[in-house]
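In: Predicted model, plus sequence, below.
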Amino acid sequence: MGVQPPNFSWVLPGRLAGLALPSSPAHYQFLLDQGIRHLVSLTERGPPHTDSCPGLTLHRLRIPDFCPPAPEQIERFVQIVDQANARGEDEETGGSLKAALLSSCLL
């Protein structure tokens, strides 16, 4: 059974969630329990323990702290979410102002 990661919430219910950086295998299990199959990391350093959850696909955009995403990163984020949703899979982003900005691109 998973443990809810800090600041987890649905941005678009059943389609896109946001949360703080997962820090334990139980956080990844929680995401899987919610039907989430893709994790988009927006940080330069990837989240720990991602190898503990093979059912979750990690996507790395590596946006530097205190910097906006580049247009190509925005396009890639939208593409990842659209492709996952077309397959009926949910998406999740690591929480930050960067996540809020990228999530707003989908609204």
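Out: Good, I have the coordinates. Predicted, not measured: the structure shown is a model, and the values here were computed from it.

In: Which parts of the protein are helices?
Out: Counting by DSSP state H, the chain has these helices, from start to end: 25-33, 71-86, 97-104.

In: Please tabulate these in TSV and include distance to residue 52, mean neighbour count and mean pLDDT as additional columns.
Out: No exception for glycine: its C-beta is placed from N, CA and C like everyone else's. Output for the helices of the chain, formatted as TSV (distance: least, CB to CB, whole Å; neighbours: other CB atoms under 10 Å; pLDDT from 0 to 100):
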stretch	distance to residue 52	mean neighbour count	mean pLDDT
helix 25-33	4	19	95
helix 71-86	21	15	89
helix 97-104	22	17	68
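
In: Turn the ones you listed into a markdown table, columns for distance to residue 18.
Out: Formatted as a markdown table, those follow (distance: least, CB to CB, whole Å):
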| stretch | distance to residue 18 |
| --- | --- |
| helix 25-33 | 12 |
| helix 71-86 | 12 |
| helix 97-104 | 5 |
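
In: Would you mind listing the buried residues in stretch 8-18?
Out: 8, 11, 16, 17, 18 (16 or more other CB atoms under 10 Å).

In: beta partners for the third one?
Out: According to DSSP bridges, the partner residues bridging residue 16 are residue 12, residue 91.

In: can I assume it is in contact with residue 10?
Out: Yes: look at residue 16 against residue 10 with CB atoms under 8 Å: they come within range, at 7.3 Å.

In: ok, and the closest non-adjacent residue to residue 85?
Out: residue 15 (5.7 Å; CB to CB, 6 or more residues apart in numbering).

In: likewise residue 27?
Out: residue 5 (4.0 Å).
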